[in-house]
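Q: no sequence on this one, just coordinates:
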């Protein structure tokens, strides 16, 4: 039965990653546990909450892990409790040995624990996800695409398909789109290598995990896709997520190709002004700010009869086209600007009641966001 | 009417301190506000939640404040909202001007706010607290005494007097005691200067504020005490707290003067072992650990049938007296050890069912803690 000793810190770091897939409240009690399995030359830690599953791998030949293997095998232990024990160990290494009745003996220095575990046979099997032609991308790029789109998914379950990010690969062009029907964010990337075409919708909640689960190194990540699952895989981490079922709406027709008014800002300039105006709108009944473009002068207004009012004249880098007054939810604008980071953006308007677009001026349409204005009287 | 300009950051730092006395939910809506008052050469900010009140002072001659005063006066503004506005201002200075109808005009750069305020006349008056012979102490000493005792106050309102710290000054001896009837912490200090004798009970909740409100500098703090209020006063901050009414129990008779078993530990040694054992006891029905002293060998046990069991042999610095097995709540021990900081402690036992004491070995009875054991079987 499973019996090994190893570095407390290496085990803890892998357990912390795996724990991100484990919820302490679940309808399947065994899923509060982490599955430890030592076969061949690898110790794997598995966590799952049905929607997503995570497997991290420790190579027993990894010097940092400082492993000694006395016997192979597996066990399921409460993840939260195990993490507390590992964090409290007095020495830098510990020994873990499975006893009879799924009990586990953990020792480190003079500290001596016997913990109740669960039989590995009762742990649910993970789906098999292998694709014939997986797509390998830089991890940094995958994280970027997620961060640029995932915030725009719907938080409401009334239209489940909109809680996901629409991800398509066609002829070496990768497109990611998210919309909650009030705003939209779309990133297009032309790839050098070509994978098998796909068209899937990934749950936004799963994707929000990616940044915290996968490290910051210059790693590559491989995407395996089946009809119901996606697997993100690096050398030491396998991250499974179910896909959303259903047809994602056609969003291409929503993005306008013309405009009557165009304004260019330094992102930080408009961003901080929007923050100030939204202080006022957040206190009010309707969370709206007003932007007025008049003879080349642009002013932002916030008003909340209960609390007070705000105005600020902005300093655009460029203003072109017709005068316009438009009202919108400043939180959508804040999210959009945050996704642009530090850059310059061009905002294009058609009319006070038509969605407007935001694009970084450095790019040529590969990243676009769209915000629907609020109709006021 | 009130009209001044000044440094955003200096104003914000004082507002942050004052806000610690302000609750956003209160039965008196005006108390969600901060009272700004500029008279003579000082701008004062006042916050209160009835139990405690805080006044911070900005001297208009303070160069860092960079103040220009155009008119004196006062206003009450929602503290939380004002803090958000001040934090978002685009420039390093701002101007605040009271308009008609208690509206306030705040400007900074091109940002322009009009905020609804409240008439200063409606703000409740603070109690007058002046004593003929106030006691002046180093701030660090006052903080130390609070940190050494306040954690032991009762969290339950069933015995309101035990939710406070008993503070007595008699003939230049200052004594602070807190107990929740399961454990007790007492600090005695012999003062060089002599104040008027007092015997009061301060709410634990108020005292927990002190560390975060008063800075870390080598300042002195002056205590003014009346029959119902205490005032802690430094140059720029006045902190008022009501006192608790009622008689504090006589705790002197609780502290044993003899012992049959005595053990000395390095605090960190016993502290980390208690942490490990409490992992186990926290998961169980009854939160108890067991200490066994047998022929000079000391072992700590934790047991929770649902989860598992723990034992660890400890490494005491000294063991004297009779063998003994005693059970107690590890959280009381953890709190006690934390209050000792890094040092060596002597634990003295009389019997398995009698309270035991903890004292730092470096001192001679000025700091003592007492923990009541749990009777098992």
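A: That came in fine, so what should we check first? No experiment lies behind these values; they were computed from the predicted model shown. Residues are numbered from 1 along each chain as shown, chains lettered A, B, ... in the order given.

Q: List the contacts of residue A:152.
A: Counting by Cβ atoms under 8 Å, 6 or more residues apart in numbering or on different chains, residue A:152 touches A:178, A:179, A:180, A:183, A:184, A:185, A:335, A:369. C-beta: built from backbone N, CA, C; applies to glycine.

Q: run the last query once more with 6 Å
A: Counting by Cβ atoms under 6 Å, 6 or more residues apart in numbering or on different chains, residue A:152 touches A:178, A:183, A:185.

Q: Residue B:329 versus the residue of the stretch 151-300 of chain A found nearest chain B, what's the distance?
A: Residue nearest to chain B within the stretch 151-300 of chain A: residue A:276 (4.7 Å; Cβ to the nearest Cβ). Separation of residue A:276 from residue B:329 (Cβ to Cβ, to the nearest Å): 51 Å.

Q: Give me the residues contacting the host helix or strand of residue A:370.
A: Applying DSSP states H and E as the criterion places residue A:370 in strand A:367-371. When contacts are defined by Cβ under 6 Å, 6+ apart, strand A:367-371 is touched by residues A:183-187, A:328, A:332, A:336, A:355-360.

Q: in its sheet, what does that strand sit against?
A: strand A:183-190 (antiparallel), strand A:356-360 (antiparallel) (DSSP bridges).

Q: Quickly compare those and say which is most buried.
A: Scoring the strands paired with strand A:367-371 by mean neighbour count under mean count of other Cβ atoms under 10 Å in any protein chain shown gives strand A:356-360 as the most buried, with a mean of 22.

Q: got the contact list for it?
A: Contact with strand A:356-360 is made by A:336, A:340, A:343, A:345-349, A:367-371, as judged by Cβ under 6 Å, 6+ apart.

Q: If any of these are buried, put those into a ChimeraX selection.
A: Per 16 or more other Cβ atoms under 10 Å in any protein chain shown, the buried members of the contacts of strand A:356-360 correspond to this ChimeraX selection:
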select /A:336,340,345,346,347,348,349,367,368,369,370,371
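
Q: Per-residue pLDDT of the residue most central in space within chain A, please?
A: Compute the mean C-alpha point of chain A, and by Cα atoms, centre = their mean the closest residue is residue A:208, 1.9 Å away. The confidence metric pLDDT takes the value 90 at residue A:208.

Q: Against chain B, how distant is the closest residue to it other than its chain neighbours?
A: Excluding its sequence neighbours, the residue lying closest to residue A:208 (Cβ to Cβ, 6 or more residues apart in numbering or on different chains) is residue A:150, at 5.8 Å. In this view, residue A:150 and chain B are 26 Å apart by Cβ to the nearest Cβ, to the nearest Å.

Q: What sits closest to whichever residue of the stretch 51-200 of chain A sits closest to chain B if chain neighbours are left out?
A: Closest to chain B within the stretch 51-200 of chain A is residue A:115: 3.8 Å, counting by Cβ to the nearest Cβ. Excluding the flanking residues, the one nearest residue A:115 by Cβ to Cβ, 6+ apart is residue B:308, at 3.8 Å.

Q: All the helices of the stretch 51-200 of chain A, residue numbers only.
A: A:79-88, A:139-149 (DSSP state H, counting those that start in this stretch).

Q: got a markdown table for those, with mean neighbour count and mean pLDDT too?
A: Output for those, formatted as a markdown table (neighbours: other Cβ atoms under 10 Å in any protein chain shown; pLDDT from 0 to 100):
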| stretch | mean neighbour count | mean pLDDT |
| --- | --- | --- |
| helix A:79-88 | 19 | 96 |
| helix A:139-149 | 19 | 94 |
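
Q: can I get these in CSV with distance to residue B:127?
A: CSV is the format used below for those (distance: least, Cβ to Cβ, whole Å):
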stretch, distance to residue B:127
helix A:79-88, 47
helix A:139-149, 54
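
Q: and residue A:212, how many neighbours?
A: Residues within reach of residue A:212, counting by other Cβ atoms under 10 Å in any protein chain shown, total 9.

Q: quick check, it in a helix?
A: Yes - checked against DSSP: H, G, I helix; E, B strand; the rest coil, residue A:212 lies within a helix.

Q: measure it to residue A:54 for me?
A: 11 Å.

Q: And residue A:276 and residue B:329? Which one has more around it.
A: residue A:276 (25 against 20).

Q: Not counting residues beside it along the chain, what's closest to the more buried one?
A: Nearest residue to residue A:276 in three dimensions, chain neighbours excluded: residue B:88, at 4.7 Å (Cβ to Cβ, 6+ apart).

Q: Also residue A:190?
A: Distance criterion Cβ to Cβ, 6+ apart; nearest residue to residue A:190, sequence neighbours excluded, is residue A:173 at 5.7 Å.

Q: mind giving me the domain ranges of chain A?
A: A:3-122, A:135-252, A:255-371 (automatic domain parsing).

Q: These into TSV, with extra columns for distance to residue B:271?
A: Conversion of these to TSV gives the following (distance: least, Cβ to Cβ, whole Å):
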stretch	distance to residue B:271
domain A:3-122	11
domain A:135-252	31
domain A:255-371	43
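
Q: Tell me which of these sits nearest to residue B:287.
A: domain A:3-122 (14.6 Å; Cβ to Cβ).

Q: how many neighbours does the residue of the stretch 51-200 of chain A closest to chain B have?
A: If we define neighbours as other Cβ under 10 Å, then residue A:115 has 25 of them.

Q: what residue ranges in chain A score low on pLDDT?
A: Across chain A, the ranges flagged by pLDDT under 70 are A:216, A:377.

Q: Run through the residues of it sitting next to chain B.
A: Contact residues (Cβ under 6 Å from any Cβ of the partner chain) of chain A with chain B: A:84, A:88, A:110-116, A:275-276, A:279, A:307-313.

Q: Report the buried members of the residues you listed.
A: Applying 16+ other Cβ under 10 Å to the residues of chain A next to chain B, the neighbour count classes A:84, A:88, A:111-116, A:275-276, A:279, A:307-312 as buried.

Q: What are the buried residues along the helix ranked longest in chain A?
A: As assigned by DSSP state H, the longest helix anywhere in chain A is helix A:267-283. Residues of helix A:267-283 classed as buried by neighbour count (16+ other Cβ under 10 Å): A:267, A:269-281, A:283.

Q: Straight-line length of stretch A:145-154, end to end?
A: Chord length of stretch A:145-154, first to last residue, is 17 Å (Cα to Cα, to the nearest Å).

Q: Tell me how far it lies from the chain's centre.
A: Centre-to-centre, stretch A:145-154 and its host chain are 7 Å apart (Cα atoms, centre = their mean, to the nearest Å).

Q: swap in stretch A:368-377?
A: Between the centre of stretch A:368-377 and the centre of its host chain there is 25 Å, according to Cα atoms, centre = their mean.

Q: got it, and stretch A:198-207?
A: Worked out by Cα atoms, centre = their mean, stretch A:198-207 lies 10 Å from the chain centre.

Q: Tell me the buried residues in that stretch?
A: A:198, A:200, A:201, A:202, A:203, A:204, A:206, A:207.

Q: Quick one: end-to-end length of it, please.
A: With Cα to Cα, one end of stretch A:198-207 sits 17 Å from the other.

Q: Give me the contact list for it.
A: By Cβ under 6 Å, 6+ apart, stretch A:198-207 touches A:52, A:146, A:150, A:153, A:163-169, A:225, A:241, A:243-244, A:248.

Q: got it, and stretch A:322-340?
A: So stretch A:322-340 is contacted by A:148, A:151, A:183, A:260-261, A:267, A:271, A:274, A:277-278, A:281, A:287-294, A:349, A:352, A:358, A:360, A:369, A:371, A:373-374, A:376 (Cβ under 6 Å, 6+ apart).

Q: distance between the ends of it?
A: 26 Å.
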